[in-house]
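>>> Coordinates only, no sequence provided:
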């Protein structure tokens, strides 16, 4: 099957040579022509030229770790190249409150399935049926904020959540725990609800008021990761792209964990998460974090534009990195340009890539040095299209997480050099830094892709008696002469060993 050329690549003057034997795509790049003016003739480019995309390949030809092919990357909608959003647009959202109000006003058609009675909804959400589906769904939304129905199904492993009328989704909507959105597409007429439905947590107190009191401690831990429930930043395209990057990394890269926005705060990554205290409280959060098998953290920030707020964000990360050596924090940051692809004919005006390089270079002037612990060596720049050059395709740059770092002893574009964060980027944790502990602990969390958390992990939290520091009583046998040495609670015959009730365990199928 012959690969097709990238639409953006064509517009940018990038030539793609299709192949049929290996079904890989080689590219060579030439930058778009720039009008030479008196202002540009005497100055140098602030950023390096776009590299040629290395050996792009369709994801269907790679081995996805997602066990359900219908939920793998190549089966899901591509939130970037499918242009699911027009620039500056938002999705069409419905909340439980607004739906009920419309019904009271007689403005909407009554659909009992979608406007469930609140008492019935609470009964559904406190029953045993669908318990794992709703807990994992809430956990994903709490961590990643906004996801498509396809992404939620990929994270949870449940195809039921593709349908917004599924009882656990409908009841969560009725109780104002989640909102349900849809994409606006003029060609499709009135948009329907289906695989491209969107979900996000509702900005309300319903979870805290109605749901939290019904949860056991292990259930609460799996859903919230020990963090307060919140709706977070609700930026549709931004959040969906961040979740998609994490899913693709979990599917195709040798990473130990992927962390959502909820667990990517500055405080967790560089403060209390390391057993340390920041000079000043900082709950600002990155879009996500990839954790290598050796524990190195690759924090990523997506941006479609640059502004003063972006420069402030870069400066804050540079301050944090300067205060936390690599060997005791494992912290690196990559800023990823993710402009709207439908602006391909106006690349110079809309693509934030050049402005990102320029802004980071300006900030780094206040943090001199290029050693392994310096901000220059630990703040990189990448482009979504460099990693994913077309629909459902990935490049060698993504498979190695290649990014540019300002580590050369030069100025202008020559100061930037590519490094592979999954290749030649060395990391040796300090002997007191348990860098890889997160790769085990994340298996407790429902927001983790389901194939990365399978198994029974109850031993990591113990039983309620363990946590209370109380030993299980061992009564003396009534007939000592008949004792055969079997441990208390050990299974007999076809019966398995005694276990805690399911709601006190953390066990994933």
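Great, that's in hand. This structure is a prediction, so every number in the text was calculated from the model and none was measured. Numbers count the residues shown, from 1 in each chain.

>>> Tell me the helices and strands packed up against the host helix or strand of residue 221.
Under the criterion of DSSP states H and E, residue 221 resides in helix 217-224. In terms of contact count using 3 or more C-beta pairs under 8 Å, 6 or more residues apart in numbering; DSSP states H and E, helix 217-224 is assigned the packing partners helix 131-144. Quick note: C-beta positions are derived from backbone N, CA and C, even for glycine.

>>> List the buried residues in the helix it packs on.
132-144 (16 or more other C-beta atoms under 10 Å).

>>> swap in stretch 64-84?
64, 66, 71-81, 84.

>>> With stretch 87-105 instead?
Applying 16+ other C-beta under 10 Å to stretch 87-105 flags 91, 93, 94, 95, 96, 99 as buried.

>>> Contacts for that stretch next, please.
85, 108, 110, 114-115, 173-176, 179-184, 191, 198, 200, 202, 204, 236, 340, 342-343, 350 (C-beta atoms under 8 Å, 6 or more residues apart in numbering).

>>> Among these, the buried ones, what's the ChimeraX command?
Listed next is the ChimeraX selection for buried residues among the contacts of stretch 87-105, using 16+ other C-beta under 10 Å:
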select :85,108,114,115,173,174,175,176,179,180,181,182,183,191,198,200,202,204,236,340,350
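
>>> elements contacting the helix or strand containing residue 322?
In this assignment (DSSP H and E), residue 322 forms part of helix 308-323. Judged by 3+ C-beta pairs under 8 Å, 6+ apart, helix 308-323 is in contact with helix 266-270, strand 297-303, strand 331-337, helix 353-364, helix 375-378, strand 379-383.

>>> by how many degrees do whatever helix or strand comes next after the first one and strand 331-337 diverge?
The element immediately downstream of helix 266-270 (helix or strand, assigned by DSSP H and E) is strand 288-292. Counting by axes from the mean of the first three to the mean of the last three C-alpha atoms, to 10 degrees, strand 288-292 lies at 130 degrees to strand 331-337.

>>> mind listing what's buried in strand 288-292?
For strand 288-292, by 16+ other C-beta under 10 Å, it's 288, 289, 290, 291, 292.

>>> And the strands in the stretch 1-150 of the chain?
14-17, 24-29, 56-58, 92-94, 147-148 (DSSP state E, counting those that start in this stretch).

>>> make that the stretch 151-300 of the chain, sorry
178-182, 198-201, 255-259, 288-292, 297-303.

>>> Rebuild those strands as CSV, extending it with mean pLDDT.
As requested, those are exported to CSV (pLDDT from 0 to 100):
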stretch, mean pLDDT
strand 178-182, 93
strand 198-201, 96
strand 255-259, 98
strand 288-292, 98
strand 297-303, 97
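
>>> Among those strands, which comes closest to residue 496?
Residue 496 sits nearest to strand 255-259 of all these, at 30.1 Å, using C-beta to C-beta.

>>> which strands and helices sit next to the closest one?
helix 236-252, strand 288-292, helix 437-441.

>>> what's the closest of those to residue 313?
helix 236-252 (13.2 Å).

>>> number of nearby residues for the closest residue to residue 218 other than its chain neighbours?
Nearest residue to residue 218, sequence neighbours excluded (C-beta to C-beta, 6 or more residues apart in numbering): residue 506, at 5.2 Å. Neighbourhood size, residue 506 [other C-beta atoms under 10 Å]: 22.

>>> got it, and residue 265?
Under the neighbour criterion other C-beta under 10 Å, residue 265 is assigned a count of 20.

>>> Now for residue 264, how many residues are close by?
Around residue 264 there are 22 other residues, counting by other C-beta under 10 Å.

>>> That one and residue 475, how far apart?
Computed as C-beta to C-beta, to the nearest Å, the residue 264 to residue 475 distance reads 49 Å.

>>> so what's residue 161 up against?
Counting by C-beta under 8 Å, 6+ apart, residue 161 has contacts 133, 137, 149, 152, 153, 168, 169, 199.

>>> Of these - the most surrounded one?
Neighbour max across the contacts of residue 161 (other C-beta under 10 Å) = residue 137, 29 neighbours.

>>> Let me have the buried residues of stretch 87-105 in a markdown table, extended by pLDDT.
Formatted as a markdown table, these follow (pLDDT from 0 to 100):
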| residue | pLDDT |
| --- | --- |
| 91 | 85 |
| 93 | 91 |
| 94 | 90 |
| 95 | 91 |
| 96 | 90 |
| 99 | 86 |
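
>>> Farthest pair within those residues?
91 and 96 (16.6 Å).

>>> Quick one, which of the strands of the stretch 151-300 of the chain gets closest to residue 423.
Per C-beta to C-beta, nearest to residue 423 of the strands of the stretch 151-300 of the chain: strand 288-292, 10.7 Å.

>>> what angle do the closest one and strand 297-303 make?
Going by the same axes, to 10 degrees, strand 288-292 makes 150 degrees with strand 297-303.

>>> Strand 288-292 pairs with which strands, and in what direction?
strand 255-259 (antiparallel), strand 297-303 (antiparallel) (DSSP bridges).

>>> Can you give me the distance of residue 121 to residue 219?
The spacing between residue 121 and residue 219, counted by C-beta to C-beta, is 18 Å.

>>> now swap in residue 241 and tell me
On the measure of C-beta to C-beta, residue 241 and residue 219 end up 30 Å apart.

>>> can you check residue 454 too?
Taking C-beta to C-beta, one finds residue 454 at 18 Å from residue 219.

>>> Run through the stretch 51-200 of the chain and note the low-pLDDT ranges.
Low-confidence segments of the stretch 51-200 of the chain (pLDDT under 70): 88-89, 107-113, 185-194.

>>> Is residue 181 bridged to anything, and to what?
residue 93, residue 198.

>>> How about residue 379?
As assigned using DSSP bridges, the partners bridged with residue 379 are residue 333.

>>> tell me the contacts of it?
Applying C-beta under 8 Å, 6+ apart, the residues near residue 379 are 314, 317, 318, 321, 332, 333, 334, 335, 360, 364, 405, 406.

>>> Please report how far it lies from residue 361.
Counting by C-beta to C-beta, the gap from residue 379 to residue 361 is 10 Å.

>>> Return every residue with contacts to both of the two.
Contacts common to residue 379 and residue 361, judged by C-beta under 8 Å, 6+ apart, are residue 406.

>>> hmm, back to that, who's more crowded, residue 454 and residue 219?
Per other C-beta under 10 Å, whichever of residue 454 and residue 219 has more neighbours is residue 219, with 23 against 14.

>>> Brilliant, that's me finished.
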